[in-house]
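Provided below are the primary sequence and the corresponding predicted coordinates.
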Amino acid sequence: MSATDSTTETQEFDLIVLGAGPIGETLALAVAQQGLKPVIVEHDLVGGDCAYYACKPSKALLRPVEVAATTQHLRGVGGSRVGADDLLKRRDEQVSNYDDSGQEESLESSGVTVVRGHGQLNGERTVEVHGSDGAAQTLRATRSVVVTTGTTPNIPPVFEGIPVWDSQDATSVQDVPAHLVIIGAGAVACEAASWMNSLGSKVTMLVREGSLMSSAEPFVSDILTDQFSDAGIDVRFYTEATQVQRPDGMDQGLGKVKGGPVSIRTSEGETLQADEVLLATGRRPALESINLESIGLSADDVLEQRTPDWLHALGDAGGKHQLTHMGKYQAKQFAAGFLGQQVDEPSIEPPTPQVVFTDPQVASVGLTEEAATEAGYEVVTGEVDFADVVGAGLLRDDVVGKGKIVVDKTTGYLLGATLMGPETGEMLHAATIAITGQVPVSTLQHAIPVFPTASEIWVGLLDQVTGWSRTGYEPVT
Ligand SMILES: Cc1cc2nc3c(=O)[nH]c(=O)nc-3n(C[C@H](O)[C@H](O)[C@H](O)COP(=O)(O)OP(=O)(O)OC[C@H]3O[C@@H](n4cnc5c(N)ncnc54)[C@H](O)[C@@H]3O)c2cc1C
């Protein structure tokens, strides 16, 4: 029940959700739908990073880039190029011009109270909210407080105190720097390299290790490095920034170039002059500014789930995944338990699907061969070039990419799949279903993909791991 105590001006709710990103929203809505009273606290935009500074704007920028690249490799279309102004306009439309009023209204009309301001704990089941106008209010949860505060960027020590871009600047890009140096090689770095290159930046990537997306199957880095090189993106492996100088750096707002040129000394002894630097060096759960000390806890206590039964962290803040769909699933599972509904536990830990929207797309789910072997599985794998799949060749003239599946040799269950090729993001769910449903490859080989579609890659992949068997699971060794 919601009530206001006029003496202390403390408002009571069944559930306090700290952070209105997709995970907080999913949870608050699920609870409100059952007639309980949740409140959600947000100090920036209702909808969270995902809607305004991460998933949505990045994909709004990347989709036209991908379509233009496809037309350039599709005789009969004539080839089109990305127009920077239109691209940025499309991004702005997709993020509602950074106006979250619709999102707030939608929550409020569904029974979720929205409180604006920075929220932090102040004792058991208590959250204090400080608004931008200096006003403070206290919220009390009769049951739980759930932290869904997302992440905050990691800053390598050499960049400490120097104004440069993080991923929010890159997705909010307004000024296109002539030369952009990207530090990092993960999904965010690779996607940002793609759209910034298309917007007209000369992009140099400094990569500490020897591969892009190092946790993916090794062929991903090989193919992407070649593609980036063809697109004019300069990838420097085993290279770090060792010294950085920006004498007139200043923060002029999101997506704006933050001052004059940046000089970067690299571990290879070279000095690069750039107009901007993007730090894509990972993000960590945003648990530092919520006053966990007030209840005697540290961020590690939260991440290792050493919390009282009224406090939980979900989504990116929970530290398990940094993906919207995984966090929303967590929120739904949590909501079911919170509401006393039967929680349908999966028979296996759900595999994590992910798509990196480079050209070509990198869609993966479950374990790579290396991860499966490290986990103790004896595996058999299948690997097929998309260039050998008729349907893929119809999507694009010169198809680049590869598919790989990893199968448990003992059970015949699919453990993981990587599909790197045109529009493979839309093909991935078949693999996710097969892994989650523990469908043996001896059964999967009877799921016949349509000719001529790119999904026909499954025929080649399954033929390799079943040895053309029609009688049962007989892996090729
Ligand atoms: C460039 C980029 C692209 C990405 N693309 C994808 C993608 O394509 N697909 C995908 O699945 N994932 C993607 N991700 C990851 C995805 O953005 C996150 O997994 C997702 O946003 C997590 O949702 P969340 O609700 O946990 O946190 P967030 O979306 O970060 O929301 C947290 C909210 O909490 C608020 N907040 C924080 N602290 C407080 C406080 N103390 N008081 C009040 N409010 C607070 C923040 O302002 C924010 O609105 C991408 C990430 C980046 C950086």
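Alright, I've got the coordinates. Keep in mind the model is a prediction, meaning the values are calculated, not measured.

Walk me through the domains of this structure.
3-47+100-152+285-338, 157-281, 354-466 (automatic domain parsing).

Quick one: end-to-end length of the last one, please.
The one in question is domain 354-466. End-to-end distance for domain 354-466, by CA to CA, to the nearest Å: 26 Å.

residue ranges of the helices in the stretch 151-300 of the chain, please?
Listed in chain order, the helices found in the stretch 151-300 of the chain under DSSP state H, counting those that start in this stretch are 167-171, 187-199, 218-231, 299-303.

Now mean neighbour count, distance to the ligand and mean pLDDT too, for the domains of the chain, in TSV please.
C-beta coordinates here come from the backbone N, C-alpha and C atoms, glycine included. Formatted as TSV, the domains of the chain follow (neighbours: other CB atoms under 10 Å; distance: least, CB to the nearest ligand atom, whole Å; pLDDT from 0 to 100):
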stretch	mean neighbour count	distance to the ligand	mean pLDDT
domain 3-47+100-152+285-338	19	2	95
domain 157-281	19	4	97
domain 354-466	20	7	97
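
The ones you listed into a markdown table, with extra columns for distance to residue 80?
As requested, these are exported to a markdown table (distance: least, CB to CB, whole Å):
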| stretch | distance to residue 80 |
| --- | --- |
| domain 3-47+100-152+285-338 | 30 |
| domain 157-281 | 12 |
| domain 354-466 | 14 |
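
next one: the helix or strand containing residue 432 to chain centre, how far?
For residue 432, the element it lies in under DSSP states H and E is helix 428-436. Relative to its chain's centre, helix 428-436 lies at 19 Å (CA atoms, centre = their mean, to the nearest Å).

next one: stretch 324-338
Distance of stretch 324-338 from the chain centroid (CA atoms, centre = their mean) equals 16 Å.

most centrally placed residue in this protein?
In the chain, the residue lying closest to the centroid (CA atoms, centre = their mean) is residue 323, at 4.3 Å.

List of residues touching stretch 152-168?
The list of residues contacting stretch 152-168 from outside it, by CB atoms under 8 Å, 6 or more residues apart in numbering, reads 49, 53-54, 183, 188, 192, 241-246, 249-251, 254, 258-259, 262, 276-286, 288.

CA-only coordinates of the longest helix along the chain in CSV, if you can.
For the chain, the helix with the greatest residue count under DSSP state H is helix 55-72. Extracted in CSV, the C-alpha atoms of helix 55-72 (Å, rounded to 0.1, in the frame of the first residue of the first chain):
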residue,chain,number,x,y,z
CYS,A,55,21.2,-0.3,-27.7
LYS,A,56,18.6,1.8,-29.5
PRO,A,57,20.8,4.7,-30.8
SER,A,58,23.6,2.3,-31.7
LYS,A,59,21.3,0.1,-33.8
ALA,A,60,19.6,3.1,-35.3
LEU,A,61,23.0,4.2,-36.5
LEU,A,62,24.1,0.8,-37.7
ARG,A,63,21.1,-0.4,-39.6
PRO,A,64,21.3,2.1,-42.4
VAL,A,65,25.1,1.5,-42.5
GLU,A,66,24.4,-2.2,-43.0
VAL,A,67,21.7,-1.7,-45.6
ALA,A,68,24.0,0.7,-47.6
ALA,A,69,26.9,-1.8,-47.4
THR,A,70,24.5,-4.5,-48.7
THR,A,71,23.4,-2.4,-51.6
GLN,A,72,27.0,-1.8,-52.5
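
Now do it: which elements does it pack against?
Secondary structure elements in contact with helix 55-72, counted by 3 or more CB pairs under 8 Å, 6 or more residues apart in numbering; DSSP states H and E, are helix 84-94, helix 167-171, helix 187-199.

ok and the longest one relative to helix 218-231, angle-wise?
Taking axes from the mean of the first three to the mean of the last three CA atoms, to 10 degrees, one finds that helix 187-199 is oriented at 20 degrees with respect to helix 218-231.

what ranges do the helices span in the stretch 351-477 of the chain?
Listed in chain order (using DSSP H, counting those that start in this stretch), the helices of the stretch 351-477 of the chain are 369-374, 390-395, 428-436, 441-444, 457-466.

Need those helices in TSV (columns: distance to residue 116).
Output for the helices of the stretch 351-477 of the chain, formatted as TSV (distance: least, CB to CB, whole Å):
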stretch	distance to residue 116
helix 369-374	42
helix 390-395	46
helix 428-436	37
helix 441-444	50
helix 457-466	49
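
Ok, which of these comes nearest residue 23?
Nearest to residue 23 among the helices of the stretch 351-477 of the chain is helix 428-436 (19.5 Å), distances taken as CB to CB.

can you dump the C-alpha coordinates of the closest one into PDB?
Written as PDB, here are the backbone C-alpha positions of helix 428-436 (Å, rounded to 0.1, in the frame of the first residue of the first chain):
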ATOM      1  CA  LEU A 428      20.200 -17.000 -34.100                       C
ATOM      2  CA  HIS A 429      17.000 -17.800 -32.200                       C
ATOM      3  CA  ALA A 430      16.900 -21.300 -33.800                       C
ATOM      4  CA  ALA A 431      20.100 -22.100 -32.100                       C
ATOM      5  CA  THR A 432      19.000 -20.600 -28.800                       C
ATOM      6  CA  ILE A 433      15.800 -22.700 -28.900                       C
ATOM      7  CA  ALA A 434      17.800 -25.900 -29.700                       C
ATOM      8  CA  ILE A 435      20.200 -25.300 -26.800                       C
ATOM      9  CA  THR A 436      17.500 -24.400 -24.300                       C
END
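
Begin at 246, not 1, for the rest of this chat.
Okay, residue one is now 246; in that scheme the one you just asked about reads as helix 673-681.

Run through who's touching it.
591, 593, 595-596, 598, 600, 608-611, 650, 658-662, 664, 684, 689, 692, 700, 703.

now swap in stretch 300-316 and tell me
Against stretch 300-316 from outside (CB under 8 Å, 6+ apart): 295, 322-327, 331-332, 335-336, 338-340, 416-418, 433, 436-437, 439-440, 443-444, 569, 602, 604, 606, 640-641, 667.

Same check on stretch 555-566?
So stretch 555-566 is contacted by 264, 266-269, 272, 369-370, 386, 388-396, 528, 530-532, 540, 542, 547-548, 552, 567, 569, 571-573, 575-576, 579, 597 (CB under 8 Å, 6+ apart).

Pull up the distance across that stretch, start to finish.
Start-to-end, stretch 555-566 (CA to CA) is 22 Å.
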